[in-house]
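Trainee: Provide a 3D model corresponding to the input given below.
(chains A, B, C and D)
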2 protein chains.
Amino acid sequence: MSKQLVGPLTPVGMDDCRVPLVNEPLNAGQAERLAPSFKALGDPIRLRLLSLIASHQGGEACVCDLTDGFDVSAPTISHHLKVLREIGLVTSERRGTWVYYRAEQSALDLLSTVLSVPQGVNV
Amino acid sequence: MSKQLVGPLTPVGMDDCRVPLVNEPLNAGQAERLAPSFKALGDPIRLRLLSLIASHQGGEACVCDLTDGFDVSAPTISHHLKVLREIGLVTSERRGTWVYYRAEQSALDLLSTVLSVPQGVNV
DNA sequence: TACCTAATTAGATATCCATCAAGTCAATGA
DNA sequence: TCATTGACTTGATGGATATCTAATTAGGTA
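Mentor: Predicted coordinates:
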């Protein structure tokens, strides 16, 4: 099995959501499943955390790598990481003393697709 | 001037934000300018409204086309449209009795790019 | 003018959420 | 066993927000 032939996995419960919203109207169910993910991205600290994790060497980052550079307390960082984790944008794993977070690229890719504007739409 | 050669315009104040967040960490300023747009998308009614507008025949929709199919009052729809408009995801124009909303594709495209996962990132 | 419809604004309210201090849990090492 | 460090949970609080009803603005028409 060659990995590069495998397409992006769809996060659970999102099977029918991988469609550009400019193509056809989202139905109520799709909108209610997608909105919480965008809401999770709707905080500047969470956006930066996600970007730090996703762009970090090796595709993962230790919490200890994330707390610097923010003007909020450690519990607040922890809270935001929990929000990202519960919505499925990141996963976490404890290894010894440290906890590592990894971005869920399939979830990002799905949201990117929803917002994408295919060439020639509504021209 | 041939229109198809013109790339997507960048919404004002977002010039340096059209970068995938998996490429490098967003700085605080970028995150603070991007987050409100995602927050605006973080409500299922607004997501559906945007999708209805963006996918509508001609790329625009009258408010009167938008109020059906929602379980909320007209002022609530109006409130959500205002949020989308103030963040720059849609524009509006009155024509006679009716007000028409149009999706700002460049804004959608920018957000899609921010969430996109370019091939080969962190492999 | 008076009236009707479309859409928004104003004001009130209930709920949600970001934040912090304090406390707790987990792993490591003296 | 105790102390230390990393990370999270709990509980409280102030501010934001989604929603409604009522009132208002704007355009069209008799």
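Trainee: count of neighbours near A:Gly88?
Mentor: By other CB atoms under 10 Å in any protein chain shown, 18 other residues sit near A:Gly88. To be clear about C-beta, it is placed using only N, CA and C from the backbone, and glycine gets the same treatment.
Trainee: next one: A:Pro11
Mentor: 21.
Trainee: ok, the residue nearest to the spatial centre of chain A to DNA strand C distance?
Mentor: Nearest residue to the geometric centre of chain A (CA atoms, centre = their mean): A:Leu89, 3.1 Å. Going from A:Leu89 to DNA strand C by CB to the nearest atom of the strand, to the nearest Å gives 13 Å.
Trainee: then A:His79?
Mentor: Taken as CB to the nearest atom of the strand, the span from A:His79 to DNA strand C is 4 Å.
Trainee: the residue nearest to the centre of chain A and A:Ser106 touch, don't they?
Mentor: No - counting by CB atoms under 8 Å, A:Leu89 sits too far from A:Ser106 to count as a contact (10.1 Å).
Trainee: is the nearest residue to A:His56 once chain neighbours are set aside within a helix or a strand, and which one?
Mentor: Take A:His56 and drop its neighbours on the chain: the residue closest to it by CB to CB, 6 or more residues apart in numbering or on different chains is A:Asp65, 6.8 Å away. A:Asp65 belongs to helix A:63-66 when assigned by DSSP states H and E.
Trainee: packing partners of that helix?
Mentor: helix A:44-55, helix A:74-86, strand A:98-103 (3 or more CB pairs under 8 Å, 6 or more residues apart in numbering or on different chains; DSSP states H and E).
Trainee: deepest of the ones you listed, which one?
Mentor: Mean neighbour count (mean count of other CB atoms under 10 Å in any protein chain shown) peaks for helix A:44-55 among the helices and strands packed on helix A:63-66, with a mean of 24.
Trainee: anything in it near DNA strand C?
Mentor: Yes - on the criterion CB under 7 Å from any atom of the strand, helix A:44-55 is in touch with DNA strand C at A:Ile45.
Trainee: just to revisit the earlier point, ok, now which ones touch the residue nearest to the residue nearest to the centre of chain A when sequence neighbours are not counted?
Mentor: What sits nearest to A:Leu89 in space, not counting adjacent residues and going by CB to CB, 6+ apart, is A:Ala107, at 5.2 Å. Contacts for A:Ala107 (CB atoms under 8 Å, 6 or more residues apart in numbering or on different chains) come out as A:Pro11, A:Met14, A:Ser37, A:Ile87, A:Gly88, A:Leu89.
Trainee: make it 10 Å
Mentor: A:Ala107 sits next to A:8-11, A:14, A:37, A:40, A:84, A:87-91, B:115, B:117 when contact means CB atoms under 10 Å, 6 or more residues apart in numbering or on different chains.
Trainee: now go through these and say which are in helices.
Mentor: Applying DSSP state H to the contacts of A:Ala107, the entries found in helices are A:Ser37, A:Ala40, A:Leu84, B:Leu115.
Trainee: burial count for A:Gly29?
Mentor: Counted with other CB under 10 Å, A:Gly29 comes out at 12.
Trainee: helices and strands around whichever strand or helix holds it, which ones?
Mentor: Taking DSSP H and E as the definition, one finds A:Gly29 inside helix A:28-41. Counting contacts by 3 or more CB pairs under 10 Å, 6 or more residues apart in numbering or on different chains; DSSP states H and E, helix A:28-41 is packed against helix A:44-55, helix A:74-86, helix A:105-115, helix B:28-41, helix B:44-55, helix B:105-115.
Trainee: for the ones you listed, give me JSON lines that also has mean pLDDT and distance to A:Asn122.
Mentor: As requested, the helices and strands packed on helix A:28-41 are exported to JSON lines (pLDDT from 0 to 100; distance: least, CB to CB, whole Å):
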{"stretch": "helix A:44-55", "mean pLDDT": "98", "distance to A:Asn122": "29"}
{"stretch": "helix A:74-86", "mean pLDDT": "98", "distance to A:Asn122": "33"}
{"stretch": "helix A:105-115", "mean pLDDT": "98", "distance to A:Asn122": "15"}
{"stretch": "helix B:28-41", "mean pLDDT": "98", "distance to A:Asn122": "19"}
{"stretch": "helix B:44-55", "mean pLDDT": "98", "distance to A:Asn122": "8"}
{"stretch": "helix B:105-115", "mean pLDDT": "98", "distance to A:Asn122": "8"}
